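> Any chance you can model this:
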Amino acid sequence: MARLLPLLVIALGIFFWYRSRRNAAVRPGAAASSAPGLSGEAAALGFLPQDRQDTRRLTRDPQIDGAQEAAERGAWEPAARALAAVGPDWERRTALVIALARVAAEDDAWLSAWETACPGDPGAAAVRARSSVFLAWELRGGSSAKETTAEQFEGFHRVLLRAREDIAKAVELDAEDPSPHVSDLWAGLGLGYPHAYVDELWTEITTRAPFHFEAHYAALQYWCAKWHGSAELARDFADRAASAAPAGTLLPALRLIAHFEHLDRPLNSKHYGIPEVTAMTDAVLADLPAVRPDHPRLAEVRHLLAFFLVQQKRHAEALEQFRAVDGYVGALPWDYFGDPAKLYCDYRERAVQGAR
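Residues are numbered from 1 along each chain as shown. As a prediction, this is how the structure comes out:
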């Protein structure tokens, strides 16, 4: 028995050491969580589990969501009132057009009723133009070109050509609104507009709204190597736009997007810690205080910042961004991958643990 006593003491010591280590993993007062994508620490900070992350939206916006939900129920009047209310606030008008057009691409009966009740309504025309572009891309599907059938391509190009007619009508009905021209940029990705035409189109847009974020995002996609440009053209476009923009436009984020878009392995952290990328990240952080709180793309930029900051091991700063956007993950970069809610929660957990 005397021989067993030292072994018993050692065993008890190991047991209590293990239990203390396990308990240390949970913050004082926080219960361990069994919800997917949610540790005890994350739960204590008020974060939501993976199954409560909305993968369709990038934020909650009462004005936009109310009009969209009414359209989903078949009512067009709230959409018309919402567009009339934003007036020449082109950033929010374009966001409303996009939200409503997504609904119309699935079922346009409510939009047809609006067009019948109010012939020549410029808001309805802008929504119709963008919905035609969305419909074309849905017909094509999200697969690579080699995995897309000839029938899909035929429908894609046929509807895009029809969309150009809808875009022209929307421009005619409201010459000041840049949103139909932004829709034309997205049509140009599929139809392969030549660079010279896009340059002319860009002049039309920037004459109306020189610092329009959605327009810049669409143009950046056109100039990316995966579409009709190159890494150099995309980065040059992003740098020129960010350099010329006043504070509060979110345009410094274009540099981050151009960097992300041209990485072969975008989840590899080695691409994010170099001084140039750290400086890009800092420039976006510096722009945030001047951004209007209801900017429709602010949440997406916060998502992007959170991702870059985690990659740079700046976990406390990343947590600030995660706190501002939790619950809505239909945004870059998460929606570029197969399970955006899981990836979001994985990166959020890295920030939680790294900031401890």
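> what are the ranges of the helices in the stretch 101-250 of the chain?
When assigned using DSSP state H, counting those that start in this stretch, the helices of the stretch 101-250 of the chain occupy the ranges 109-117, 122-140, 150-173, 179-191, 195-208, 213-223, 231-244.
> Distance to Val310 added to those helices, as JSON lines?
Yep, even glycine has a C-beta here, placed from its N, CA and C like the rest. As requested, those are arranged in JSON lines below (distance: least, C-beta to C-beta, whole Å):
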{"stretch": "helix 109-117", "distance to Val310": "41"}
{"stretch": "helix 122-140", "distance to Val310": "30"}
{"stretch": "helix 150-173", "distance to Val310": "36"}
{"stretch": "helix 179-191", "distance to Val310": "30"}
{"stretch": "helix 195-208", "distance to Val310": "33"}
{"stretch": "helix 213-223", "distance to Val310": "22"}
{"stretch": "helix 231-244", "distance to Val310": "22"}
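> For Arg102, find the nearest of those helices.
Distances from Arg102 to each of those were compared using C-beta to C-beta; the minimum, 6.1 Å, belongs to helix 122-140.
> buried set for the closest one?
122-137, 139-140 (16 or more other C-beta atoms under 10 Å).
> Could you check how far Pro333 is from Ala247?
To Ala247, Pro333 is 24 Å away according to C-beta to C-beta, to the nearest Å.
> Neighbour count: those two, which is higher?
It is Pro333, of Pro333 and Ala247, that has more neighbours when counted by other C-beta atoms under 10 Å, with 22 against 12.
> what's the distance between that one and Trp223?
With the distance defined as C-beta to C-beta, Pro333 ends up 19 Å from Trp223.
> burial of His262, as a residue count?
Applying the criterion other C-beta under 10 Å, we find 17 residues in the vicinity of His262.
> Was I right to think Leu201 contacts Tyr193?
Yes: the pair formed by Leu201 and Tyr193 meets the contact definition of C-beta atoms under 8 Å, at 7.5 Å.
> tell me the contacts of Arg92?
Under the criterion of C-beta atoms under 8 Å, 6 or more residues apart in numbering, the contact list for Arg92 reads Gln63, Ile64, Val86, Asp294, Pro296.
> I misspoke; the intended subject was Ala283.
Ala242, Pro252, Arg255.
> let's see it at 6 Å
Shown in contact with Ala283 (C-beta atoms under 6 Å, 6 or more residues apart in numbering): Pro252.
> tell me which residues in the host helix or strand of it are buried?
Assigned by DSSP states H and E, Ala283 belongs to helix 275-287. For helix 275-287, the neighbour count (16+ other C-beta under 10 Å) marks Val277, Met280, Thr281, Ala283, Val284, Leu285, Asp287 as buried.
> And for stretch 87-103?
Going by neighbour count (16+ other C-beta under 10 Å), the buried part of stretch 87-103 is 90-103.
> Equivalent analysis for stretch 244-262, please.
Neighbour-count burial for stretch 244-262, with 16+ other C-beta under 10 Å as criterion, is recorded at 245, 249-262.
> Which one of those residues is nearest to Ala150?
Of all the buried residues of stretch 244-262, Glu261 has the smallest distance to Ala150: 27.9 Å, by C-beta to C-beta.
> nearest spatial neighbour of the closest one, skipping sequence neighbours?
Nearest-residue entry for Glu261: Cys224, 5.1 Å, with adjacent residues in sequence omitted and distances by C-beta to C-beta, 6 or more residues apart in numbering.
> That neighbour contacts Phe260, doesn't it?
No: with the criterion set as C-beta atoms under 6 Å, Cys224 and Phe260 do not qualify as a contacting pair; they are 10.3 Å apart.
> ok, and the helix or strand in this protein with the lowest average confidence?
Of all the helices and strands that make up the chain, helix 4-24 has the lowest average by mean pLDDT, DSSP states H and E, namely a mean of 45.
> Quick check: next helix or strand after it?
Per DSSP H and E, the first helix or strand lying C-terminal to helix 4-24 is helix 40-44.
> After that next one, which helix or strand is next? Please name it.
Later in the chain than helix 40-44, the nearest helix or strand by DSSP H and E is helix 62-72.
> Just the CA trace of that following helix, in CSV.
Output of helix 62-72 as CSV, limited to C-alpha atoms (Å, rounded to 0.1, in the frame of the first residue of the first chain):
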residue,chain,number,x,y,z
PRO,A,62,-35.6,48.1,-42.0
GLN,A,63,-36.3,50.3,-45.1
ILE,A,64,-34.8,47.9,-47.6
ASP,A,65,-36.0,44.7,-45.9
GLY,A,66,-39.5,46.1,-45.5
ALA,A,67,-39.8,46.8,-49.2
GLN,A,68,-38.3,43.5,-50.1
GLU,A,69,-40.5,41.5,-47.8
ALA,A,70,-43.6,43.3,-49.1
ALA,A,71,-42.5,42.4,-52.7
GLU,A,72,-42.1,38.7,-51.6
